[in-house]
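Peer 1: Kindly generate the corresponding structure for this input.
(2 chains)
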Protein chains: 2
Amino acid sequence: MSFSDSVVQRPEPTPAGDLMRQYTIDDYFLDRAIDLAWLGAGRTHPNPLVGAIVVNDGHIVSVGYHQRYGEAHAETIALERAGEAARGSTLYVTLEPCAHHGNTPPCVETVLKSGVRRVVIPTLDPDDRVYGRGVAILRDDGVDVDVGRRCERAMLLNLAYFKRVLGLGVAVTLKMAVTLDGRIASRAGSRDQITGTDSLRFVHRLRAVNDAVLVGINTVVVDSPRLDCRLIDTEATPVAVVLDSRLRFPETSPMQAGDRTVVVVTAETADEDSVVALRQSGVRVVKCGSDGGRVDVKAAVAELAAQGIASCLVEGGGEVFSSFTQARLWDGMHVFVSPMTFGNEGVALSEQAFDRSQIGAVHAGASAGAGDVLMSFVNEKTRDTLLKHLL
Amino acid sequence: MSFSDSVVQRPEPTPAGDLMRQYTIDDYFLDRAIDLAWLGAGRTHPNPLVGAIVVNDGHIVSVGYHQRYGEAHAETIALERAGEAARGSTLYVTLEPCAHHGNTPPCVETVLKSGVRRVVIPTLDPDDRVYGRGVAILRDDGVDVDVGRRCERAMLLNLAYFKRVLGLGVAVTLKMAVTLDGRIASRAGSRDQITGTDSLRFVHRLRAVNDAVLVGINTVVVDSPRLDCRLIDTEATPVAVVLDSRLRFPETSPMQAGDRTVVVVTAETADEDSVVALRQSGVRVVKCGSDGGRVDVKAAVAELAAQGIASCLVEGGGEVFSSFTQARLWDGMHVFVSPMTFGNEGVALSEQAFDRSQIGAVHAGASAGAGDVLMSFVNEKTRDTLLKHLL
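Peer 2: Numbers count the residues shown, from 1 in each chain, chains lettered A, B, ... in the order given. Next up, the predicted model:
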């Protein structure tokens, strides 16, 4: 996770020096715990996603993740599996262990009973019943607790949860898939598969942890996307939201399967007859302000909030990406890069230039599936706000 | 390094299951050893870059890297620092420990004396005096040896060394820096800093391990690059090579500092008076075949090989990237991505479309410095060829 080159040059290397402090073994285990936590996506709501790993003498003794709302918590699963091997171990868990009786007993009790010597967590749990109390109880009992490493990546794991619990408004996550040369399609109007199945499955997890999935009307017309979560085990069906200032939404769309809620956000100037026709076909139509023929994304997200949508995955295309970036209306960003190019015929991710400070993306992690690379970022402002409440 | 989503879905998670086998703790330590090894870039030639880490009971006991040709090897430094703590440990080293007396005694002897229980290496050393013998000696003495993990990333570390020792021709490494929207400059003729200092320092390491650094004439005219290694501690001064079919090379260029060798590769059709003038200014001019007004890169690399250049870092710009990609004339690729966009005014990385199989890039690692993400790939064909000789 770190270039050799972030290391301060020294005439003599220090044993386990700066280099080893950059991406530490704690970071490694926390990252694996975060990977595990994602496996529960779409089944734990309103609980957060949590993963846990028990490590003793450098070996992974057991792992666990919160698999379903109402069922056991991650750390309890991992510790029960570890049994006696948890004694003297380090517990890596992606969120502060709970300190209250809910559907299950407080996790801190399980941790204390297990004989764990050290607990490593990226953030506190902002839930009032837990916040700081989990850590305090553990420390009072002599357990070492480290808080803060990999916190950016942990924020992305539970962005919707954190913003909801803290009352910070709709959590907006951008997702795009680009080629090496930054194209999102091979040509205008073309439907292209850029990323592989591993990446798609992760996208379905992202969908499953969001109340809504949003695309622009171009994407609907060109790609006919289903915007569902079929590649993972979930009953989550996020609301499909389409930004469509001129009401070009087709008569039928694959995203309307079953009793799926589809919301079309259009401009105030939209033709009323078209609105009525679309409503008759079962689509919810919302009018909001527009600017230069494009729906104002801030107004659109406010409308979604009014409809009870607390989290939204924005999947593109390029115009939508530019609008949300321009408005700085995003909290997390996942960019999949595929080692191919579309060249001059291709459709660019962004028509506009945004410098580093305008985007304000803080790197949260890079990983790779079969062929693609995933770069994840958290918005600098979101990071700063959340840190005040989570550390 | 792995999406949660590469995991096969299971009704019940297996303890330390598939997920934990993807990016293992061995991978983690090997990656850190590779990070360390890069610190020696530009000082070990003709030796390879090597890093080593001694791990006991899950803790890093000591680290080392080969700092300079003729001086101690990485594993010897690490094991001497570890002392008694090496007993029963695992030694992670980025190349098979040597089995022969060179400037220093055989490393395998040091390993055996130290009491290391297990050695983990990405690849064998293709040097005839070592190949397989280092591993055999260790195993004969009861040391467990694991070979093969992180081998793609280790290939990139010593690409020039491997190809030279194996007689596989010039090692070609592509390096580019792009924005999120795949642009390499904000507009035609503009000189832009896309990546940060961490990334630049890594680029200087890449330069220092290559015999030559190659750019297109556009890059020379627009950027006036020095193409040196000033950010790191090295005396390496790679030959500067410029592809310049129409001999637009300027009268003076910052890359001509000191007694630096500058080679301009031009087309057979180049004006002879210009060739003479350029030669008088101290530049070596080489004529070779061209195609559609562009120097044929295969012919150019063959000319470089004839001049004793065994490894070349290709730094762009876009046309050069396309030419080398089109010719499949590359072994390693490092792509820096900066979280910003240049929009429609920007200069595209590639004018041409290359699908995944045309590029044939196998992912070797993703990492991040301050702000940028580095994606590294090895050419599928190079990987397959090297694997035959290195495992």
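Peer 1: mind listing the strands for the stretch 101-250 of chain A?
Peer 2: Along the stretch 101-250 of chain A, counting by DSSP state E, counting those that start in this stretch, strands occupy A:118-121, A:144-147, A:171-179, A:183-185, A:212-216, A:239-243.
Peer 1: Serialize those strands to CSV and add fields for distance to chain B.
Peer 2: For glycine as for every other residue, the C-beta is placed from the backbone atoms N, C-alpha and C. Output for the strands of the stretch 101-250 of chain A, formatted as CSV (distance: least, C-beta to the nearest C-beta, whole Å):
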stretch, distance to chain B
strand A:118-121, 12
strand A:144-147, 15
strand A:171-179, 7
strand A:183-185, 6
strand A:212-216, 16
strand A:239-243, 20
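Peer 1: now those strands in JSON lines, with distance to residue A:79?
Peer 2: Formatted as JSON lines, the strands of the stretch 101-250 of chain A follow (distance: least, C-beta to C-beta, whole Å):
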{"stretch": "strand A:118-121", "distance to residue A:79": "11"}
{"stretch": "strand A:144-147", "distance to residue A:79": "15"}
{"stretch": "strand A:171-179", "distance to residue A:79": "30"}
{"stretch": "strand A:183-185", "distance to residue A:79": "44"}
{"stretch": "strand A:212-216", "distance to residue A:79": "36"}
{"stretch": "strand A:239-243", "distance to residue A:79": "37"}
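Peer 1: Burial check on the closest residue to chain B within the stretch 151-300 of chain A, number of neighbours?
Peer 2: Of all residues in the stretch 151-300 of chain A, residue A:182 sits closest to chain B, at 2.2 Å by C-beta to the nearest C-beta. For residue A:182, the neighbour count with other C-beta atoms under 10 Å in any protein chain shown is 31.
Peer 1: tell me the pLDDT at it?
Peer 2: Looking at residue A:182, its pLDDT is 96.
Peer 1: cool, and residue A:1?
Peer 2: So, for residue A:1, pLDDT stands at 34.
Peer 1: Grab the nearest non-local neighbour of the residue of the stretch 151-300 of chain A closest to chain B.
Peer 2: With C-beta to C-beta, 6 or more residues apart in numbering or on different chains as the criterion, residue A:182 has its nearest non-adjacent residue at 2.2 Å, and that residue is residue B:182.
Peer 1: For the closest residue to residue A:56 other than its chain neighbours, list the residues it contacts.
Peer 2: Using C-beta to C-beta, 6+ apart and skipping residues adjacent in sequence, the residue nearest residue A:56 is residue A:89, 4.0 Å away. Listed by C-beta atoms under 8 Å, 6 or more residues apart in numbering or on different chains, the contact set of residue A:89 reads A:54, A:55, A:56, A:61, A:82, A:114, A:115, A:116, A:117, A:118.
Peer 1: neighbours of the first one, just the number please.
Peer 2: One way to gauge burial is a neighbour count; for residue A:54, by other C-beta under 10 Å, it gives 28.
Peer 1: Am I right that it sits in a strand?
Peer 2: Yes. Using DSSP: H, G, I helix; E, B strand; the rest coil, the assignment for residue A:54 is a strand.
Peer 1: Against residue A:79, how distant is it?
Peer 2: Distance of residue A:54 to residue A:79, given as C-beta to C-beta, to the nearest Å: 6 Å.
Peer 1: what sits in contact with each of those two?
Peer 2: Each of A:62, A:86, A:91, A:116 lies in contact with both residue A:54 and residue A:79 under the rule C-beta under 8 Å, 6+ apart.
Peer 1: As a check, name the ranges of all helices in the stretch 1-150 of chain A.
Peer 2: In the stretch 1-150 of chain A, the helices defined using DSSP state H, counting those that start in this stretch lie at A:18-22, A:25-38, A:74-82, A:107-114, A:133-140.
Peer 1: So for the last one, mean pLDDT?
Peer 2: Averaging pLDDT along helix A:133-140 gives 97.
Peer 1: What of the shortest one?
Peer 2: Across helix A:18-22, pLDDT averages out at 70.
Peer 1: quick one on the thing from earlier: turn the strands of the stretch 101-250 of chain A into JSON lines, including mean neighbour count.
Peer 2: Formatted as JSON lines, these follow (neighbours: other C-beta atoms under 10 Å in any protein chain shown):
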{"stretch": "strand A:118-121", "mean neighbour count": "24"}
{"stretch": "strand A:144-147", "mean neighbour count": "15"}
{"stretch": "strand A:171-179", "mean neighbour count": "25"}
{"stretch": "strand A:183-185", "mean neighbour count": "26"}
{"stretch": "strand A:212-216", "mean neighbour count": "25"}
{"stretch": "strand A:239-243", "mean neighbour count": "26"}
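Peer 1: For residue A:242, name its beta-bridge partners.
Peer 2: residue A:215, residue A:264 (DSSP bridges).
Peer 1: check contacts around it.
Peer 2: Counted by C-beta under 8 Å, 6+ apart, residue A:242 has contacts A:214, A:215, A:216, A:217, A:220, A:249, A:262, A:263, A:264, A:265.
Peer 1: can you map out the helices along the stretch 251-391 of chain A?
Peer 2: Under DSSP H, counting those that start in this stretch, the stretch 251-391 of chain A gives helices at A:272-280, A:297-306, A:318-326, A:356-359, A:380-390.
Peer 1: quick one: residue A:334 from residue A:323, how far?
Peer 2: 18 Å.
Peer 1: quick one: the residue nearest to residue A:182 from residue B:361, how far?
Peer 2: Separation of residue B:182 from residue B:361 (C-beta to C-beta): 15 Å.
Peer 1: do residue A:46 as well
Peer 2: Per C-beta to C-beta, residue A:46 is found 41 Å from residue B:361.
Peer 1: Near the residue of the stretch 1-150 of chain A found nearest chain B, how many other residues are there?
Peer 2: As assessed by C-beta to the nearest C-beta, chain B sits closest to residue A:58 within the stretch 1-150 of chain A, at 1.9 Å. Counted with other C-beta under 10 Å, the neighbours of residue A:58 add up to 16.
Peer 1: pretty sure it is in contact with residue B:60, am I right?
Peer 2: No. Here residue A:58 does not reach residue B:60: they are 10.0 Å apart, not a contact under C-beta atoms under 8 Å.
Peer 1: Enumerate the residues of the stretch 251-391 of chain A near chain B.
Peer 2: A:325, A:335, A:337-346, A:348-356, A:358-359, A:361, A:363, A:365-375, A:377 (C-beta under 8 Å from any C-beta of the partner chain).
Peer 1: If we use 6 Å, what do you get?
Peer 2: A:339-344, A:348-356, A:359, A:361, A:363, A:366-369, A:373, A:375, A:377 (C-beta under 6 Å from any C-beta of the partner chain).
Peer 1: Pull out the buried residues from stretch A:250-262.
Peer 2: By neighbour count on 16 or more other C-beta atoms under 10 Å in any protein chain shown, the buried set for stretch A:250-262 is A:253, A:255, A:256, A:260, A:261, A:262.
Peer 1: First-to-last residue distance for it?
Peer 2: 12 Å (C-alpha to C-alpha, to the nearest Å).
Peer 1: got it, and stretch A:58-69?
Peer 2: End-to-end distance of stretch A:58-69 (C-alpha to C-alpha): 31 Å.
Peer 1: Please apply the same query to stretch A:229-246.
Peer 2: 28 Å.
Peer 1: Also stretch A:122-138?
Peer 2: 15 Å.
Peer 1: got it, and stretch A:244-257?
Peer 2: Terminal-residue distance, stretch A:244-257 (C-alpha to C-alpha): 20 Å.
Peer 1: per-residue confidence averaged over it?
Peer 2: 92.
Peer 1: List the contacts of it.
Peer 2: With contact meaning C-beta atoms under 6 Å, 6 or more residues apart in numbering or on different chains, stretch A:244-257 is reached by A:217, A:224, A:226-227, A:240, A:262, A:264, A:266-267, A:270, A:274, A:290, A:293-295.
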